[in-house]
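1. just coords:
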């Protein structure tokens, strides 16, 4: 690993360690006070046939941060430390599609984390990828577009003082929702690009010192997000004027929660708990069950995608510094 990438990994590991100190018991607490701890057999009954499908190259900065599904079993991922967009084929072949430029002065300006990183990614039906890049500089931080066979282009600047992280696309309206983990803001940008609009700055989105609002998804006319510091899952309805409605807290007690995805069964969702190294199932009433742990290969999981009964869980190994990977598992 180059000196810059090594320093980047150390900086992020140190920051995540602060969250980890709050959540050393998350593996047990993930069951929540209203749910008993699961036996190994019970966990196995909910997540089976877990396997590490792809090992990534930590020395090359291949720390997967976010993922978007595509037809034919293809995955598109962002490598945070490598500043890259990659395609992963069903056979595990990984191909780098683009590498984003580092700040011209070579300095690490990005708020909180201190290094440039690519974060959220989504795929439109025509194959266009949208993703986020944070550098702490006004010329590079923002929302980017990558058309098939093309080159990355920034289509909307975002504040250099923030950290754009989670990303979701409303394909019906052509609107992108961006979770800024430092500024505690959800930005709204049309997929054609333009000036971002602060869609919500609710206090529940703010951090308590590290990272606040993080993952973001759309479901049934609402924006759902996680808050990593506060360990919460939040739902914000979209009103008929496309404005933010009254925020609702749907789950608590999950410090270190990162990305999530709905299972396809009502409002059940699965979420990655980065610092604890687990994947948990969260029910609409806020109770939860642990599905996968480090014993299944997880190494600080950062993102998850679901297709049918299959979960694709990506681990960046920010804290463990061992084996960033892709784990595929059946969930029930």
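-> Everything's here; your move. If you're wondering where the values come from, they're calculated on a predicted model, not measured in any experiment. Numbering: from 1, shown residues only.

2. what's around residue 150, how many residues?
-> By other Cβ atoms under 10 Å, 12 other residues sit near residue 150. (Glycine included, C-beta is placed from N, CA and C.)

3. hmm, I was thinking of residue 147
-> Neighbours around residue 147, by other Cβ under 10 Å: 13.

4. quick check: residue 281 vs residue 243, distance?
-> 31 Å (Cβ to Cβ, to the nearest Å).

5. so those two - more neighbours on which side?
-> A side-by-side neighbour count of residue 281 and residue 243, using other Cβ under 10 Å, places residue 281 first with 22 against 12.

6. counting contacts, what elements does the host helix or strand of the more buried one pack onto?
-> Per DSSP states H and E, residue 281 falls inside strand 278-282. Using 3 or more Cβ pairs under 8 Å, 6 or more residues apart in numbering; DSSP states H and E as the contact test, the elements touching strand 278-282 are strand 269-273, strand 288-292, strand 301-307.

7. any idea how far it is from the middle of the chain?
-> Taking Cα atoms, centre = their mean, to the nearest Å, one finds strand 278-282 lying 14 Å from the centre of the chain it belongs to.

8. quick one: strands adjacent to it?
-> strand 269-273 (antiparallel), strand 288-292 (antiparallel) (DSSP bridges).

9. quick check, residue 130 in contact with residue 167.
-> Yes: the criterion here is Cβ atoms under 8 Å, and residue 130 meets it with residue 167 at 6.6 Å.

10. which neighbours do the two have in common?
-> 121-122, 143, 176 (Cβ atoms under 8 Å, 6 or more residues apart in numbering).

11. out of the residues you listed, which is most surrounded?
-> Counting by other Cβ under 10 Å, top hit in the shared contacts of residue 130 and residue 167: residue 176 with 27 neighbours.

12. please list all residues in contact with that residue.
-> Going by Cβ under 8 Å, 6+ apart, residue 176 touches 122, 130, 143, 167-170, 188-191.

13. what about those, which are in helices?
-> Residues of these located in helices (DSSP state H): none.

14. which among those residues count as buried?
-> By neighbour count, with 16 or more other Cβ atoms under 10 Å, the contacts of residue 176 hold 122, 130, 143, 167-170, 188-189, 191 as buried.

15. from those residues, which ones fall inside strands?
-> Using DSSP state E, the members of the buried ones among the contacts of residue 176 that fall in strands are 122, 130, 143, 167-170, 188-189.

16. from those residues, pick the one nearest residue 288.
-> Of all those, residue 168 has the smallest distance to residue 288: 21.8 Å, by Cβ to Cβ.

17. the closest one bridge partners, please.
-> residue 177.

18. kindly report the same for residue 249.
-> residue 234.

19. and for residue 151, the neighbour number?
-> By the measure other Cβ under 10 Å, the count of residues near residue 151 is 10.

20. can you tell me the helix or strand for the closest residue in space to it that isn't next to it in sequence?
-> In space, and not counting its chain neighbours, residue 151 is closest to residue 98: 6.8 Å by Cβ to Cβ, 6 or more residues apart in numbering. Counting by DSSP H and E, the element that carries residue 98 is strand 94-99.

21. next, the buried residues of stretch 197-215.
-> 199-200, 202, 204-207, 210-215.

22. coming back round to it: including distance to residue 72, could the buried ones among the contacts of residue 176 go into CSV?
-> As requested, the buried ones among the contacts of residue 176 are exported to CSV (distance: Cβ to Cβ, whole Å):
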residue, distance to residue 72
122, 17
130, 20
143, 26
167, 22
168, 22
169, 20
170, 24
188, 31
189, 29
191, 23
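
23. got the phi and psi for residue 58?
-> Here is the backbone geometry of residue 58 (degrees, to the nearest 10): phi -60, psi -40.

24. and the closest residue to residue 246 other than its chain neighbours, how far is that from residue 165?
-> Once flanking residues are discounted, residue 246 sits nearest to residue 237: 6.9 Å by Cβ to Cβ, 6+ apart. From residue 237 across to residue 165, the span is 22 Å (Cβ to Cβ).

25. coming back round to it: show me what contacts the residue nearest to residue 246?
-> Each residue near residue 237 by Cβ under 8 Å, 6+ apart is listed here: 221-222, 244-246, 248.

26. how about residue 227?
-> Counted by Cβ under 8 Å, 6+ apart, residue 227 has contacts 204-205, 207, 212-214, 234, 257.

27. and if you look at residue 126?
-> residue 148.

28. which SSE is it in?
-> Using DSSP H and E, no helix or strand contains residue 126.

29. compare the contacts of residue 237 and tell me which has the most neighbours.
-> Of the contacts of residue 237, with other Cβ under 10 Å as the count, residue 244 tops at 19 neighbours.

30. find the nearest non-adjacent residue to it, please.
-> residue 200 (4.1 Å).

31. separation between residue 208 and residue 269?
-> Counting by Cβ to Cβ, the gap from residue 208 to residue 269 is 23 Å.

32. what does residue 53 give?
-> Applying Cβ to Cβ, the value for residue 53 to residue 269 is 22 Å.
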